[in-house]
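Student: Please work out how this folds:
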Amino acid sequence: MSEEFATSAAKTALVVDNTSFFRLHKDVPLVVPEINAKEIFNAPLNIIANPNCSTIQMTQILNPLHLHFKIKSVIVSTYQAVSGAGNKGIESLKNELKTALECLEKDPTIDLNQILQAGAFPYPIAFNAIAHIDVFKENGYTKEELKMVHETHKIMGVDFPISATCVRVPVLRSHSESLSIAFEKEFDLKEVYEVLKNAPSVVVCDDPSHNLYPTPLKASHTDSVFIGRLRKDLFDKKTLHGFCVADQLRVGAATNALKIALHYIKNA
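Tutor: Predicted coordinates for the structure are as follows:
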């Protein structure tokens, strides 16, 4: 659909495409405005691709850190909301929770494996975690995991190693990501806080003494990427760990597309 209609529409207007079809096309910029807005005006096909939702929030954390410290490699595990699979994902969670809670009310010891049926996902999502988003490729990674790797490289113009594991969890809205970032040199944690506090669209939410850290519920219906649980690795002084959360329907899709369009209108 995007191939047919986006190409046609691009004859008379700039197209911001929110599907995956054009993301890795060599003549189509893949844009997160906070990172590479200049690429909006380097679109020979008059099409701009909106990145994958998980990629958008991750790159908004990685890019400012890379500019300041130089990243050597990244390991990311995602905890992705059911709404990332559309209405069918939401309905699956709602229906399965209703069935499970009704059964547990009658018998708290009941085996839910015998009760719940898979809906939108390969397994029931209620009270579960499914390490399977999109199709598996021959190398053992899912398409979602490879999107995060290749799209990040294209957006940031880098080639450092990225290893991703993407997991669907029974959360309605907002994706979470556990990040382990290895830098080329040792770093000062205070500098990390300063870099991220000054990064556009990023909110540092990190005070464990007051139970302050990002959660999907609090990130929902906002346009920021929240980052917390920032800490140095216990054994490797060059590695930083953190936990970021963003509303994937806004930050990871609609808001990013809108920012692209507004930047084009303002600067064309």
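Student: need the strands for the chain, in chain order.
Tutor: 15-17, 47-49, 71-80, 162-168, 175-183, 202-204, 225-232, 239-246 (DSSP state E).
Student: buried residues in the second one?
Tutor: Okay, so that is strand 47-49. Ile47, Ile48, Ala49 (16 or more other C-beta atoms under 10 Å). Using the backbone N, CA and C atoms, a C-beta is placed for each residue, glycine as well.
Student: elements contacting it?
Tutor: strand 15-17 (3 or more C-beta pairs under 8 Å, 6 or more residues apart in numbering; DSSP states H and E).
Student: How about residues contacting the strand it packs on?
Tutor: For strand 15-17, the surrounding residues in contact (C-beta atoms under 8 Å, 6 or more residues apart in numbering) are Ser2, Ala6, Ala9, Val28, Asn46, Ile47, Ile48, Ala49, Asn50, Ala257, Ile260, Ala261.
Student: surely Ile260 meets Ala49?
Tutor: No - at 9.5 Å, Ile260 does not count as touching Ala49 under the criterion of C-beta atoms under 8 Å.
Student: shared neighbours of these two, which are they?
Tutor: Common neighbours of Ile260 and Ala49 (C-beta under 8 Å, 6+ apart) are Val31.
Student: residues near Thr19, how many?
Tutor: Counted with other C-beta atoms under 10 Å, residues neighbouring Thr19 total 12.
Student: correction: Val171
Tutor: Val171 has 21 neighbours, counted by other C-beta under 10 Å.
Student: Can you check what pLDDT the model gives it?
Tutor: Val171 carries a pLDDT value of 99.
Student: Could you measure from it over to Lys218?
Tutor: 12 Å (C-beta to C-beta, to the nearest Å).
Student: One more: Thr142?
Tutor: In terms of C-beta to C-beta, Thr142 sits 28 Å off from Lys218.
Student: So for the two, which sits in the more crowded spot?
Tutor: Using other C-beta under 10 Å, the more surrounded residue of Thr142 and Lys218 is Thr142, with 18 against 14.
Student: And the residue of the chain positioned farthest from its centre, how far from Ala100?
Tutor: Distance from the centre of the chain peaks at Lys106, with 38.4 Å (C-alpha atoms, centre = their mean). Lys106 sits 11 Å away from Ala100, going by C-beta to C-beta.
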